[in-house]
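In: Sequence and predicted structure below; questions after.
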Amino acid sequence: MPHPIMFHDDDPGLAELRRIALGFPEASEKISHGRPVFCAPKMFAVFGGSAKIDGSVVRYPHALLVKVDESERRALEQDSRFFRPMYLAPSGWLGLDFTAAPVDWAEVGELVDASFRLTAAPRLIRLLDGL
């Protein structure tokens with residue numbers, strides 16, 4: 001049984017995330033587990049997620065999931081806008097809740113860029129850097 005679709009295609013946050021994520025070399029979008037996932041070809045960003053908090057599942061339908069560098073993880077986890085997404089947190093991923101505060105799209109771009117660099121092949125990073 002396929003996963004239900006857990007987003008609205010006309011969501012303005014998704015539209016802006018698409019603009020950012022699809023600007024990376026060889027980036028594409030697919031639906032995985034009911035959510036938009038951005039890959040090149042490895043996954044580097046996801047729209048929407050969930051977390052287990054005090055034994056309950058909390059859904060974040062308007063959020064960005066990205067892989068973060070371990071050196072930045074602690075600082076980001078101190079920010080109340082960020083959460084540890086189910087299933088992905090043990091692999092170094094964090095979520096940014098778009099509803100917790102006004103979205104800083106420049107910050108989102110930096111987070112997506114960092115995640116891309118942590119997951120993409122060196123050839124794609126060279127393309128990104130114009131080398």
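Out: Noted; the coordinates are in hand.
In: Give me the contacts around the longest helix along the chain.
Out: The residue-count maximum for a helix in the chain (DSSP state H) belongs to helix 105-119. With contacts defined as CB atoms under 8 Å, 6 or more residues apart in numbering, helix 105-119 is touched by 16-17, 20-21, 24, 27, 38, 40, 42-45, 64, 66-69, 72, 92, 96, 124-125, 128. C-beta coordinates here come from the backbone N, C-alpha and C atoms, glycine included.
In: Show the buried residues in those.
Out: Taking 16 or more other CB atoms under 10 Å as the criterion, what is buried in the contacts of helix 105-119 is 17, 20-21, 24, 27, 38, 40, 43-45, 64, 66-68, 96, 124-125, 128.
In: Now for the residue nearest the centre of the chain: which residues touch it?
Out: With distances taken as CA atoms, centre = their mean, L65 lies nearest the centre of the chain, 2.7 Å away. By CB under 8 Å, 6+ apart, L65 lies in contact with A45, V46, F47, G48, G49, P85, L88, W93, L94, G95, L96.
In: partner residues bridging the residue lying closest to the second one once chain neighbours are set aside?
Out: Put plainly, it is V46. Sequence neighbours aside, L65 is the residue nearest to V46 in space, at 3.9 Å (criterion: CB to CB, 6 or more residues apart in numbering). Assessed by DSSP bridges, L65 has beta-bridge partners V46, G95.
In: And for L111, the neighbour number?
Out: 23 (other CB atoms under 10 Å).
In: where does it land on pLDDT?
Out: Looking at L111, its pLDDT is 98.
In: same check, this time on the one 3 residues further on
Out: What the model reports for A114 is a pLDDT of 98.
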